[in-house]
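S.K.: 3D, please:
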Amino acid sequence: MSFLLPWKYTEEKATLKRTATFLRGYMKDHLKDRFEAISRDQEKDKTNDILSYIVKGNVFSDELTIEDLLDDFFVFLIAGMETTAITMTCFIWEILKKPTITQDLKNEIKSVLNGKDELDFDDLNGLVYMEQWPRVCIGKHFAIMEMKVLLTKLLHNLQIADARPEEKHLEKETDLTVKPKNGVFITVA
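M.R.: Sure, this is the predicted structure:
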């Protein structure tokens with residue numbers, strides 16, 4: 001795997017390569033274990049996650065190698081993380097500038113949880129107001145579920161506040177993705 005970063009990022013490039021090598025090895029071990037388990041008894045395996053779908057979809061294919069499946073798994077696992085984190089960052093910045101929206105979100109969360117402390121999978125569909133916001137991509141539905149879980153945990157269990165209330169505009173920069181130039185700073189209690 002090669003990384004086409006400019007020469008001035010030598011240290012970052014080395015760190016990225018070490019991290020990617022570690023992740024690929026770790027994921028390869030899990031992929032092999034899951035592949036073997038599903039190959040032994042596909043009917044018995046009731047696991048319902050992305051890895052299982054990748055393996056089950058290719059379990060009888062002679063054309064795809066473990067490396068091909070690993071690439072698919074790696075894309076699903078890694079590709080959406082940065083964009084999801086950026087979306088969460090921008091979303092939190094926006095709601096902290098609009099306290100009535102934050103309160104409406106908290107009310108929706110309270111209503112959906114109905115006295116519970118943890119979300120069930122079926123609860124995600126009840127977070128309609130939360131879903132009314134910036135994400136369209138191939139992993140949209142997975143990312144929205146992921147963000148709903150994170151936002152519910154954040155807004156239900158913690159008090160967050162804008163650490164820089166004087167900032168009225170979120171300055172953006174473009175790298176591989178569009179993101180807040182100076183980050184978003186919050187306080188958590």
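S.K.: ranges for the strands of the chain?
M.R.: Counting by DSSP state E, the chain has strands at residues 160-162, 172-174, 178-180, 186-188.
S.K.: which other helices and strands does the first one contact?
M.R.: This means strand 160-162. Here strand 160-162 touches helix 66-97, strand 186-188, going by 3 or more Cβ pairs under 8 Å, 6 or more residues apart in numbering; DSSP states H and E. Every C-beta, even on glycine, is put in place using the N, C-alpha and C of the backbone.
S.K.: can you redo the ones you listed as CSV with distance to Gly115, mean neighbour count and mean pLDDT?
M.R.: Below are those laid out as CSV (distance: least, Cβ to Cβ, whole Å; neighbours: other Cβ atoms under 10 Å; pLDDT from 0 to 100):
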stretch, distance to Gly115, mean neighbour count, mean pLDDT
helix 66-97, 24, 17, 79
strand 186-188, 24, 12, 86
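S.K.: which among those is found nearest to Ala143?
M.R.: Set against Ala143 and scored by Cβ to Cβ, the helices and strands packed on strand 160-162 come closest in helix 66-97, at 4.8 Å.
S.K.: and the pLDDT for Leu176?
M.R.: The model reports Leu176 with a pLDDT of 63.
S.K.: one more: the one 5 residues further on?
M.R.: On pLDDT, Lys181 comes in at 85.
S.K.: and the one 3 residues further on, by the same measure?
M.R.: In the prediction, the pLDDT value recorded for Val184 is 86.
S.K.: mind checking how far it is from Ile86?
M.R.: Applying Cβ to Cβ, to the nearest Å, the value for Val184 to Ile86 is 10 Å.
S.K.: now do Ile101
M.R.: Taken as Cβ to Cβ, the span from Ile101 to Ile86 is 19 Å.
S.K.: and of the strands of the chain, who's closest to Leu105?
M.R.: That would be, of these and by Cβ to Cβ, strand 160-162, which comes in at 11.1 Å.
S.K.: now the closest one: how far from the chain's centre is it?
M.R.: Its chain's C-alpha centre and that of strand 160-162 lie 22 Å apart, by Cα atoms, centre = their mean, to the nearest Å.
S.K.: list the neighbouring strands of that strand plus their orientation.
M.R.: strand 186-188 (antiparallel) (DSSP bridges).
S.K.: got the domain boundaries for the protein?
M.R.: 7-64, 80-188 (automatic domain parsing).
S.K.: dump those domains to CSV, plus distance to Leu70.
M.R.: Listed next are the domains of the chain as CSV, based on distance: least, Cβ to Cβ, whole Å:
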stretch, distance to Leu70
domain 7-64, 5
domain 80-188, 17
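S.K.: by mean pLDDT, show me the worst of the ones you listed.
M.R.: Mean pLDDT per stretch puts domain 7-64 lowest among these, at a mean of 73.
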